[in-house]
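In: Please work out how this folds:
(one chain, ligands or ions: 1)
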Amino acid sequence: MGNEGPSVLGANSEVGTLRTVLLHRPGDELKRLTPRNNDQLLFDGLPWVDRAQEEHDAFAALLRSRGVEVLLLSEVLTETLTVSGAARMQGISAAVDPRRLGHPLAQELAAHLRTVEPAALATILTAGMTFDELPLGPGGASLVRRMHHGGDFVIEPLPNLLFTRDSSFWIGDRVAITALALPARVREASLTDLIYAHHPRFLGVRRAYESHTAPVEGGDVLLLAPGVVAVGVGERTTPAGAEALARSVFEDGLAHSVLVVPIAQARASMHLDTVCTMVDVDAVVMYPAIQDSLSAFTIHREDVGVSILGAQPFLKAAADAMGIGKLRVIDTGLDNVTAEREQWDDGNNTLALEPGVVVAYERNVVTNSRLEASGIEVLRISGSELGSGRGGPRCMSCPVSRDLL
Ligand SMILES: NC(=O)NCCC[C@H](N)C(=O)O
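Out: Numbering: from 1, shown residues only. Modelled structure (predicted):
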């Protein structure tokens, strides 16, 4: 960024030049994964943590080499906990659940956590804590403590923090703290909430989608063009979430059209960005199996209230709302099996650094060569370990600042 100072916060597209991004370098929370808990914690396997960190470091280094400022969630969290007592309280109260721990243990643990240094507290809030790790005296007064096994979690770890896309997203000059659908991820939003509320860098930033009335996850939200938002509805974001988000962004003047896009309620397509991401101002990379069937309900902001257009082909609805003749689709695979394999491995989950330049996993060889054949520059990263959580470069990044289109 040279002497230009901090970038202007916010984004109104998927492809405006990326200036600042929030990533989470995977840490001790990944070491909590075992064959007994990985399904519940939404990982398909047990990543080799050191290698996952190396892969992530290379991802961050690539972004920096392209002039992007990389904010790391653990560092930003520690800074926030250092400057703000309110943030500490917020983080502790979200992590210590009296319904599960009982009041005696919950009170004792919360009192202890209030004495912990910011960096160590940030580690506990992200990596969790087991009963064996409780730094309290013998568990005399707590039945809960006596009855749990030492390896059980007092505070659940958050291995999916890696996917910073889902727990917050920027729209216009506002940030939305999302409402995550699954128990394994709900607490992530308490961390993004306290960071954006109390970190000095974000003071004064206003919120979008404050009502949190229903689940909305950032991986389902695509900023197709200034004023035009697509929201996937499937395993995570619900119809009520999409509707509430639409009304909220209309009221705040952040969009005039919201496309609500049904996607299969399946692990392979848990978010809209697992099947479709933007690679240029008028182009998407999309899983071919859904290209012809993907549809959208379009909600328009009207002078009074909203209008809802019935389901149309997604590509037509998107082009109409964006005011372009056609949304180009870069088809990702020549045959069904290759396409299915590369979709599973996040071939469609690209992160645009500017129009026509994307970061992608190297393993998706066919998809990447199709992108290049269409004139897209593909910056490859390895994701053999990172990918075991089922997320690619877009899932692993929350753009905090993009040049406005
Ligand atoms: N936007 C995304 O598709 N994020 C990937 C999230 C993966 C994570 N293991 C999850 O199941 O939520």
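In: ok, which stretches of the stretch 251-400 of the chain are strands?
Out: Using DSSP state E, counting those that start in this stretch, the strands of the stretch 251-400 of the chain run over 257-262, 276-280, 283-286, 295-301, 306-313, 328-331, 351-354, 357-361, 377-381, 398-402.
In: does the lengthiest helix in the chain come close to the ligand?
Out: The residue-count maximum for a helix in the chain (DSSP state H) belongs to helix 49-65. No - for a cut-off given as Cβ under 6 Å from any ligand atom, helix 49-65 has no contacts with the ligand; the smallest distance is 13.0 Å. For every residue, glycine as well, the C-beta is placed using N, CA and C.
In: so what does the helix or strand residue 112 falls within touch, helix or strand wise?
Out: Element membership of residue 112 [criterion: DSSP states H and E] is helix 103-113. Helices and strands touching helix 103-113, as assessed by 3 or more Cβ pairs under 8 Å, 6 or more residues apart in numbering; DSSP states H and E, comprise helix 85-95, helix 98-101.
In: Could you look up the SS state of whichever residue of the chain sits closest to the ligand?
Out: Using Cβ to the nearest ligand atom, the single residue of the chain nearest to the ligand is residue 219, 2.3 Å away. Here residue 219 is helix, with the state taken from DSSP: H, G, I helix; E, B strand; the rest coil.
In: For the closest residue to it other than its chain neighbours, list the residues it contacts.
Out: Distance criterion Cβ to Cβ, 6 or more residues apart in numbering; nearest residue to residue 219, sequence neighbours excluded, is residue 271 at 3.0 Å. Residue 271 is in contact with 166, 217, 219-220, 232, 234-237, 263, 395, counting by Cβ atoms under 8 Å, 6 or more residues apart in numbering.
In: hang on, residue 326 packs against residue 318?
Out: No - with contact defined as Cβ atoms under 8 Å, residue 326 does not count as touching residue 318 (9.6 Å).
In: neighbour count winner among these two?
Out: For residue 326 versus residue 318, neighbours defined as other Cβ atoms under 10 Å are more numerous around residue 318 (28 against 12).
In: neighbours around the closest residue to that one other than its chain neighbours, how many?
Out: Setting aside the residues directly before and after it, residue 318 is nearest to residue 327 in space (Cβ to Cβ, 6+ apart), at 4.9 Å. By other Cβ under 10 Å, the residues close to residue 327 number 23.
In: pLDDT value on residue 327, please?
Out: Residue 327 is assigned 97 on the pLDDT scale.
In: re earlier: quick one, grab the pLDDT at the residue nearest to residue 219.
Out: For residue 271, pLDDT reads 97.
In: where does the protein dip in pLDDT?
Out: Within the chain, the stretches with pLDDT under 70 are 1-5, 139-140, 332-334.
In: What parts of it come near the ligand?
Out: 42, 160, 163, 165-166, 185, 219, 270-271, 273-274, 389-391, 395.
In: Now with 5 Å, please.
Out: By the rule Cβ under 5 Å from any ligand atom, the part of the chain lying against the ligand is 42, 160, 163, 165, 219, 271, 273-274, 389-391, 395.
In: What subset of the residues you listed is buried?
Out: Among the residues of the chain next to the ligand, those that count as buried by neighbour count (16 or more other Cβ atoms under 10 Å) are 42, 160, 163, 165, 219, 271, 273-274, 389-391, 395.
In: So which residues of this protein form helices?
Out: Along the chain, counting by DSSP H, helices occupy 49-65, 73-83, 85-95, 98-101, 103-113, 118-127, 143-147, 188-198, 239-251, 288-291, 314-322, 336-344, 365-373.
In: residues in contact with the first one?
Out: The contact list for helix 49-65, computed with Cβ under 8 Å, 6+ apart, reads 18, 21, 23, 25-27, 30-31, 70, 72, 162, 353, 359, 379, 381-386, 388, 393, 396-397.
In: Once you drop chain neighbours, what's closest to residue 188?
Out: residue 167 is the one closest to residue 188 (Cβ to Cβ, 6+ apart), at 4.1 Å.
In: what does residue 385 give?
Out: residue 52 (3.8 Å).
In: how deep is the residue nearest to residue 68 when sequence neighbours are not counted tucked in, by neighbour count?
Out: The shortest distance from residue 68 to any non-neighbouring residue, by Cβ to Cβ, 6+ apart, is to residue 18 (5.1 Å). Using other Cβ under 10 Å, residue 18 has 26 neighbouring residues.
In: residues contacting residue 18?
Out: For residue 18, the contacting residues are 63, 66, 68, 351-354, 399, 401-402, by Cβ under 8 Å, 6+ apart.
In: again with residue 207
Out: Taking Cβ under 8 Å, 6+ apart, we find residue 207 in contact with 174-177, 196.
In: Same question for residue 104.
Out: Neighbour list for residue 104: 141-142 [criterion: Cβ under 8 Å, 6+ apart].
In: now it: how far from residue 143?
Out: 8 Å (Cβ to Cβ, to the nearest Å).
In: One more: residue 119?
Out: 33 Å.
In: Please identify which of those two sits among more neighbours.
Out: Remark: of residue 119 and residue 143, residue 119 carries more neighbours, 14 against 11, as counted by other Cβ under 10 Å.
In: My guess is that one contacts residue 78. True?
Out: Yes - counting by Cβ under 8 Å, residue 119 touches residue 78, with 4.9 Å between them.
In: need the contact list for residue 93.
Out: residue 110.
In: Can we start the residue count at 20 from this point?
Out: Done: numbering now begins at 20, and the last item shifts to residue 112.
In: Please work out how many residues are found near residue 72.
Out: Residue 72: 17 neighbours (other Cβ under 10 Å).
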